[in-house]
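Visitor: Sharing a model that was predicted from the sequence below.
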Amino acid sequence: MRSPLIAAFVLFLAPIVHAQTGTDSLLLKMKSGRSYAERIKAYINFLEKNTLSNFETAIEYGNEGLNLARAHGDSISIAALKRYIGMGYYFSGKYTLAAANYYDAINILEKFSQDNKIEKKNLALVFNELAKLYRKTRDLDRSLENYNKAMLLFQDLDDSTGIALILNESGVVFEYKKEYAEAIRRYEASLEIAEALHDSLGVSYSLSFIAGVETAEKKYDAAEKKLLQSLSIRQRLRDSFAMALAWADLGATYNASGKPEKAMEALTHSNFIAKRLNYPELQSGNLNEMSLVAEKNGNYQQALKYFRERTNLQDSLFGIQKTKQIEELNAKYETVKKEQIISEQQSRIRQQNLLFVGVAISIVLISLLAYSQYKRNRLRQETLLKTELMKQQEQSAKAVLEAEEEERQRIAKDLHDGVGQMMSAAKMNLSALESEIKFSDKEQKDSLSKIIQLVDESCKEVRQVSHSMMPNVLMKKNLAAALTDFIDKLDKKKLKIHFYSEGLELRLDSNVETVLYRVIQESVNNVLKHSGATELDISVTRDNEGIHATIEDNGRGFDTAEKEMREGIGLKNITTRVEYLKGTVDFDSAPGRGTVVGIFIPLTKDSQS
């Protein structure tokens, strides 16, 4: 009767011998010097058949194929080769190189996968491999993100096999998160698809994944049954890679269920195949489990041996690093010897002291954590309160300005449509009456003419006030045109005005234009009413930072330190409007030397048309 290791070796060699003929044929095509299309296809087919059985060979021939594809500018083949090279690096434990090749493949395939179903499927497969890598490094959120991308592509292709693959692979993420219900839901959905497709290997993987959750939930009998069923399928398929994984899963389940002999036998089978596949990650996991089995049996020396073997593999996977676990295992081994000498009473006292220290430390840590959380919550609440208060103040200011603007428009319409129309009607009636009345003398006629003239001037005044309160030109044209229109209506005899604008050709947000118009209008009115100036310079320019406005007069000026003066001549109103736009305003004045008002309004993307 053959030993288990001999049986495993026969099962391992069987698929290799079976596939050797096909592999030799592909190697001949790769090296034969025939057409490029036949050679590159042979490289890709070789990697497809051999990547999971010989990682180093896959990397070697993959790079040969890359050189060939690059010489012919064949991006699609480069992407396909990089996926297999990435898988070779992944299973060799070189995760950084694996990720680099996966991302290169993704960058290429995303350009060609829009209308190409084959490349869309290849892109989904690369996303799956990348997700598996992030799952291995425990970046679970990023892993799930890539699984979702792959799932969307497979669903778009209506690819049931691909959907089943992602359901299985992504289920492991939820298993790591201890969300077992969601993991089982995905595994069972994958199993249902695989059974419908008569996909034996897919069925075996789903059964293995479900068994993993059952082991975590301590349903050992059910897990063992599914794992043996999965192993049987893989043995029939002669899939050495899958068989190695099945033995490893069985070993972990046997160890968890308290069957150390069976666990060690299964793990030995798995490690036998993993060594010949040169699969260091699986070897590392098996050795770790074997160390745990030996430790449970009290064989600490053997446990330490397995763990040191695993550490050597870990160094090749992750670099040389200190391993506290080895020190702890060695300390435990030495402690066993000492405990044979130390009395039971002394041991109990030591354990109690350790317990007391542990409890004390735990209480301190929990207290510090609770206080830290309290401080963070309080700071967060204060920040939220300040933010909400500022938001409410801003909304209040906005509401006041909007209400003020609406009231101006209402009064302007009333003046224009009500008073203005009545004044115009009165003028027309008086003019008609002038032509009908027979005056007894010239003095009566002149009096009526003066009345008509006064009514006409009143009509103009009402119209001017109406337009000043609601500038129609601002609704039709830009800010520069509105300001020009406003300035043109002022009396040039009393005040000489110089107006300059730059960069205002493009329209701004209506709120910005309205507020700036009102602020400049208010400033000019202040000059007319209070300054006694004869000259006024107005400059409004726009650059990348925002709007800069300057209003400078040569009037009598005022003391900017006097609060009553600032509020009495409308400066507070100007400041409020500018602050509403997140801007700043500066007043530079002194008695006898005029006044300069400097305004800056920052422009965001929302405030630019």
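Guide: Nice, I can see it. Keep in mind that this is a model prediction, so the values were computed, not measured.
Visitor: only C-alpha atoms for contact and neighbour calcs from this point on.
Guide: Will do.
Visitor: show me what contacts Asn278?
Guide: Listed by CA atoms under 8 Å, 6 or more residues apart in numbering, the contact set of Asn278 reads 54-55, 92.
Visitor: Switch the residues you listed over to CSV; also include distance to Glu545.
Guide: What follows is those, written out as CSV (distance: CA to CA, whole Å):
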residue, distance to Glu545
Asn54, 61
Phe55, 57
Ser92, 54
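Visitor: Quick check: of those, which lies closest to Leu28?
Guide: The closest of the contacts of Asn278 to Leu28 turns out to be Asn54 (CA to CA; 18.4 Å).
Visitor: quick one: which of the contacts of Asn278 sit in strands?
Guide: Using DSSP state E, no member of the contacts of Asn278 falls in strands.
Visitor: All the helices of the stretch 351-500 of the chain, residue numbers only.
Guide: Under the criterion DSSP state H, counting those that start in this stretch, helices of the stretch 351-500 of the chain are mapped to 420-436, 442-469, 472-476, 479-488.
Visitor: got it, and the stretch 151-300 of the chain?
Guide: All helices of the stretch 151-300 of the chain, identified by DSSP H, counting those that start in this stretch, fall at 160-176, 180-196, 200-216, 220-237, 240-256, 260-277, 280-296, 300-318.
Visitor: Quick one: low-confidence residue ranges for the stretch 1-150 of the chain.
Guide: 1-22, 33 (pLDDT under 70).
Visitor: same thing but at 80, please
Guide: Counting by pLDDT under 80, the stretch 1-150 of the chain has low-confidence residues at 1-25, 31-34, 53, 115.
Visitor: do the same with the stretch 301-450 of the chain
Guide: Across the stretch 301-450 of the chain (using pLDDT under 80), the flagged ranges come out as 311-349, 352-353, 356-360, 362, 364, 367, 370, 374, 382-383, 385-450.
Visitor: where's the residue lying farthest from the centre of the chain relative to Asp446, distance?
Guide: No residue in the chain sits farther from the centre than Ser440, which is 90.8 Å out by CA atoms, centre = their mean. Taking CA to CA, to the nearest Å as the measure, Ser440 falls 12 Å from Asp446.
Visitor: With Pro602 instead?
Guide: Distance from Pro602 to Asp446, by CA to CA: 58 Å.
Visitor: Of those two, which one has the most company?
Guide: Pro602 (16 against 12; other CA atoms under 10 Å).
Visitor: buried sites along stretch 30-46?
Guide: 30, 39-40, 42-44, 46 (16 or more other CA atoms under 10 Å).
Visitor: Nearest to Val515 among these?
Guide: Set against Val515, the nearest of these by CA to CA is Ile44 (67.5 Å).
Visitor: In which helix or strand does the residue nearest to that closest one when sequence neighbours are not counted reside?
Guide: Spatial nearest neighbour of Ile44, chain neighbours left out: Leu81 (6.4 Å); criterion: CA to CA, 6 or more residues apart in numbering. Secondary-structure assignment from DSSP states H and E places Leu81 in helix 75-91.
Visitor: Just the residues contacting the helix or strand that that helix is followed by, thanks.
Guide: Next helix or strand after helix 75-91 toward the C-terminus (DSSP H and E): helix 95-112. Contacts of helix 95-112 with the rest of the structure, by CA under 8 Å, 6+ apart, involve 75-76, 78-80, 82-83, 85-90, 119-120, 122-123, 126-127, 129-130, 133.
Visitor: ok, 6 Å please
Guide: For helix 95-112, the surrounding residues in contact (CA atoms under 6 Å, 6 or more residues apart in numbering) are 79, 82-83, 86, 89-90, 123.
Visitor: Would you mark the buried spots in that helix?
Guide: In helix 95-112, counting by 16+ other CA under 10 Å, buried: 95, 98-99, 101-103, 105-106, 108-109, 112.
Visitor: Repeat that for stretch 155-172.
Guide: Applying a neighbour-count criterion of 16+ other CA under 10 Å, one finds 161-172 buried in stretch 155-172.
Visitor: What's the local residue count around the residue nearest to Ile44?
Guide: 29.
Visitor: try the one 3 residues further on
Guide: Tyr84 has 27 neighbours, counted by other CA under 10 Å.
Visitor: and the gap between it and Ser92?
Guide: In terms of CA to CA, Tyr84 sits 12 Å off from Ser92.
Visitor: Could you do Gly592 as well?
Guide: Here the criterion is CA to CA. By it, Gly592 lies 86 Å from Ser92.
Visitor: Check Ile366 too.
Guide: Ile366 is 42 Å from Ser92, by CA to CA.
Visitor: Which residue of those two possesses the greater neighbour count?
Guide: For the pair Ile366 and Ser92, the greater number of neighbours falls to Ser92 (22 against 12), based on other CA under 10 Å.
Visitor: List the backbone torsions phi and psi for that one.
Guide: Recorded main-chain torsions at Ser92 are phi -90, psi 0, according to degrees, to the nearest 10.
Visitor: Please apply the same query to Lys178.
Guide: Torsion angles, degrees, to the nearest 10, at Lys178: phi 60, psi 20.
Visitor: That one: neighbouring residues, count only.
Guide: Lys178 - counted by other CA under 10 Å - has 13 other residues nearby.
Visitor: Looking at it now. What's its pLDDT?
Guide: Note for Lys178: predicted pLDDT of 90.
Visitor: Leu228 now?
Guide: 94.
Visitor: Could you find the closest non-adjacent residue to it?
Guide: For Leu228, the closest residue by CA to CA, 6+ apart turns out to be Leu250, at 7.7 Å.
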